[in-house]
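Undergrad: My questions are about this predicted structure, shown below with the sequence.
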Amino acid sequence: MKKVAYLLSFILCVVAIQANAKRAYPIRPITNTVVWSAGGGTDSINRMLMAEMAKELDVRINVVNKTGGVSGSIGMSSILRKRPDGYNLVGLSSSNVVAAVNGGWKEKFDVWSPFIVGSSPDVVSVPYDSPYKTLDDLIQAAKTTSVNASAGGMGGIHHIYLLELEKATGVSFKYIPYPGSAPAQTAAITKEVDFVITSMAEQAPLLRGKRLRALAMLHPDNYTLEGVGEITTAFTSYPALAKRLPLSQAIGFAVNKKAPKEVLSTLSTAFNKAMQSNKVQEWAKQNHYQLSGMSGQEAEQEFARLESIFTWALDDLGANKISPTQFNISKPN
């Protein structure tokens, strides 16, 4: 009797192995490593999106964080070293395109095949009980005293916004880098810094909860936040901001470009279905995001465009360590 049971178990194992062998990617859990800190915009989007994609792919997708380095270079490097089989994704944003020119690693962004979820406009905010009531108060103070600022990671999109604000207003702030938007905002709440620049999506709960107070949008249009009111654009008082801003922000995830075509195709299908889901559509509406949905060649071209704009903007501002020309990054048209 025992021999029969063993034989049946063996047959079932063989059948299961053959079934898995025939099943297309994915046949086991996927890991998505977000290169920015937990609680920030990139982290929040990836956790929401991966939950929807897991339904389409019928496997679990684990989301973890690996911060550090320069503009997410430690997390990106660790994933790029892994086998390009589609089981390791990387959660990232347009802020990561400057990692190379800031000395974080030696790769252009074209090593990835990206998937873009969307973007949210940037806003300048202070601690809720800050003595600075307007953006002009902040600018005038910086002319006579040291004003500390946080804006996420060094060379990221929020840092570039800070540099552009300095250039347009003719003042300098003491920039203190943090490993992502969430700790940068916490630094403002705890008054480690005098103000913070991150996206509306990331700040909205803090503005509604009276932890932060918005001074101005770094966007051409005013913005009405329910429960807070209208936040005016800084472009009216400082029109020089319009010379370079707003810069598009792209948040999403990527997979090693060397992944097999069938893996890229499967991920694209799951991504597109997730983007059309009610959960993602409602999430974007509630969290102040404009959805993109780019993938494949279209997303690669968009990140190449952003890589060109961001790296040469840093070069013009003298805020990079290595010239974009060393990575064959062309100047923006």
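TA: Now that the structure is in, tell me what you want to look at.
Undergrad: got the contact list for Arg219?
TA: Slight slip there: residue 219 is His, not Arg. 121-123, 233, 235, 245-246 (CB atoms under 8 Å, 6 or more residues apart in numbering). C-beta: built from backbone N, CA, C; applies to glycine.
Undergrad: try 7 Å this time
TA: Neighbour list for His219: 121-122, 233, 246 [criterion: CB atoms under 7 Å, 6 or more residues apart in numbering].
Undergrad: which of those are buried?
TA: Neighbour-count burial (16 or more other CB atoms under 10 Å) is assigned, among the contacts of His219, to 121-122, 233, 246.
Undergrad: all helices for the stretch 51-200 of the chain, in order.
TA: Secondary structure of the stretch 51-200 of the chain (DSSP state H, counting those that start in this stretch): helices at 73-80, 135-142, 157-169, 181-189, 200-208.
Undergrad: Equivalent analysis for the stretch 201-333 of the chain, please.
TA: 261-276, 278-286, 296-317.
Undergrad: got those as a markdown table, with mean neighbour count and distance to Arg47 columns?
TA: Converted to a markdown table, the helices of the stretch 201-333 of the chain look like this (neighbours: other CB atoms under 10 Å; distance: least, CB to CB, whole Å):
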| stretch | mean neighbour count | distance to Arg47 |
| --- | --- | --- |
| helix 261-276 | 17 | 12 |
| helix 278-286 | 14 | 11 |
| helix 296-317 | 19 | 20 |
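Undergrad: Relative to Ser150, which of the ones you listed is closest?
TA: Of all the helices of the stretch 201-333 of the chain, it is helix 296-317 that lies closest to Ser150, at 18.0 Å by CB to CB.
Undergrad: helices and strands around the closest one, which ones?
TA: strand 112-119, helix 157-169 (3 or more CB pairs under 7 Å, 6 or more residues apart in numbering; DSSP states H and E).
Undergrad: Report the separation between Val255 and Asn32.
TA: 10 Å (CB to CB, to the nearest Å).
Undergrad: Which neighbours do these two have in common?
TA: Leu89.
Undergrad: can you list the weak-confidence ranges in this structure?
TA: Residues of the chain that meet the criterion pLDDT under 70 lie in 1-23.
Undergrad: Geometric centre of it: which residue is closest?
TA: Ser93 (3.0 Å; CA atoms, centre = their mean).
Undergrad: Would you enumerate the residues in contact with it?
TA: By CB under 7 Å, 6+ apart, the contact list for Ser93 reads 42, 249-251.
Undergrad: 6 Å instead?
TA: 42, 251 (CB atoms under 6 Å, 6 or more residues apart in numbering).
Undergrad: so it bridges to which residues?
TA: Note on Ser93: beta-bridge partners by DSSP bridges are Ile251.
Undergrad: Make 38 the first number, not 1, from now on.
TA: Yes, from this point I'll number from 38; that puts the last item at Ser130.
Undergrad: roughly how far apart are it and Tyr326?
TA: On the measure of CB to CB, Ser130 and Tyr326 end up 12 Å apart.
Undergrad: what does Ser345 give?
TA: Taken as CB to CB, the span from Ser345 to Tyr326 is 24 Å.
Undergrad: Just give me the neighbour total for Val71.
TA: 28 (other CB atoms under 10 Å).
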